[in-house]
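# No sequence on hand, only this structure:
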């Protein structure tokens, strides 16, 4: 397995400046952006929503279209709680292994699923490529379609199973998140155990330090 840093290197951000890695915040603010990929999933997304509700905070959910179709009631609960929605393709495709037309059609299909179940929402403008993979041609096409490409500043790395340090996922976030950071968790079955153990601690840690949790909007 290739090494993926919890903190996105500055060089990578400089090489790809048109991706959104973090969001501006003034020195007088203390703001972070929690994001959740791969849902909605029964039991997992609902847990996340309940935790966010406990702290009265907002987040952004990058949803897989097929999961929206399978679990529309949970998707609607995300919207009813005033969280932001992002497109994460319909089938969680890898851009580097998928041809141009198939990839864009899959994104459009996810977009249609979002609008089907959330017709009153403004057109979704947020897109996060699965695995963070995206070719220049696909990036250019998505920009022309009006999407903002949202990557991340910090990864909880909650998909990694059975790490010997039980606080590994927690440390990935608290040791690396700064003002304006976009943080990635996954409301997926693979990450469920680590997410449920870590998210409540993260919410408590940053709340005690007077951080505001915001959803991503454009």
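Good, I have the coordinates. Nothing here was measured: the structure is a model prediction, and the numbers come from that model. Numbers count the residues shown, from 1 in each chain.
# so which strand or helix has the residue lying closest to residue 93 once chain neighbours are set aside?
Nearest non-adjacent residue to residue 93, counting by CB to CB, 6 or more residues apart in numbering: residue 106, 5.4 Å away. (Each C-beta comes from the backbone N, C-alpha and C, glycine too.) Residue 106 is located in helix 100-117, with elements delineated by DSSP states H and E.
# averaged over its residues, what pLDDT does the helix or strand hosting residue 45 have?
Here residue 45 sits within helix 44-54, counting by DSSP H and E. Taken as a whole, helix 44-54 has a mean pLDDT of 98.
# After that helix, which helix or strand is next?
Past helix 44-54, the next helix or strand by DSSP H and E is strand 60-63.
# so what does the helix or strand that the helix holding residue 106 is followed by touch, helix or strand wise?
Under the assignment DSSP H and E, the closest C-terminal helix or strand after helix 100-117 is strand 126-127. The contact analysis (3 or more CB pairs under 8 Å, 6 or more residues apart in numbering; DSSP states H and E) places strand 126-127 against strand 60-63, strand 84-87, strand 148-149.
# quick one, what contacts residue 198?
156, 158, 169, 170, 173, 185 (CB atoms under 8 Å, 6 or more residues apart in numbering).
# Can you list the strands that whichever strand in the chain runs longest pairs with?
Once the chain is assigned using DSSP state E, the strand that runs over the most residues is strand 31-37. When pairing is defined by DSSP bridges, strand 31-37 lines up against strand 60-63 (parallel), strand 182-186 (parallel), strand 212-213 (parallel).
# circling back to that earlier point, need the contact partners of the helix holding residue 45.
Contacts of helix 44-54 (CB under 8 Å, 6+ apart): 34, 36, 39, 58-59, 61, 71, 74, 77-78, 81, 83, 185, 187-189, 191-192, 195-196, 199-200, 203, 213.
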